[in-house]
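# Just to be clear, the model below is a prediction. Sequence and coordinates:
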Amino acid sequence: MISRITGREKQILRLINERLTNKEIAVRLDISTHTVENHCRKIYAKLGVKDRYEAVDVAKKSGYLE
């Protein structure tokens, strides 16, 4: 079972889906790159994936991304 994805994590998943880099995501959300990396690690753990491409694929299949 997939753990609950937070609103911020969904926001980051949408930006990853737009092919933004962690730095671009940080600028867009006015947070540090380190914070984006932390969110990504949590997303990967919750979705049981290894990278951003798998995360987007699983998120789409799970309904987190429309």
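Great, that's in hand. Bear in mind the structure is a predicted one, so any value in this text is a computation, not a measurement.
# And residue 22, how close does it get to residue 60?
20 Å (C-beta to C-beta, to the nearest Å). Heads up, the C-betas are built off the backbone N, CA and C, glycines and all.
# my bad, should have said residue 34
Residue 34 is 27 Å from residue 60, by C-beta to C-beta.
# What is the burial count for residue 13?
Residues near residue 13, counting by other C-beta atoms under 10 Å, number 23.
# Check which helix or strand residue 46 maps to.
Using DSSP states H and E, residue 46 sits in helix 33-47.
# If you count contacts, what does that helix end up packed against?
helix 7-17, helix 22-29, helix 52-62 (3 or more C-beta pairs under 8 Å, 6 or more residues apart in numbering; DSSP states H and E).
# Buried residues of it, list them for me.
With burial defined by 16 or more other C-beta atoms under 10 Å, the residues of helix 33-47 counted as buried are 36, 39-40, 42-44, 46-47.
# and those residues as a markdown table, adding pLDDT?
Compiled in a markdown table, the buried residues of helix 33-47 are given as follows (pLDDT from 0 to 100):
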| residue | pLDDT |
| --- | --- |
| 36 | 98 |
| 39 | 97 |
| 40 | 98 |
| 42 | 97 |
| 43 | 96 |
| 44 | 97 |
| 46 | 94 |
| 47 | 94 |
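# Name the residue closest to the centre of this structure, please.
Centroid-nearest residue in the chain, with C-alpha atoms, centre = their mean: residue 13, separated by 3.3 Å.
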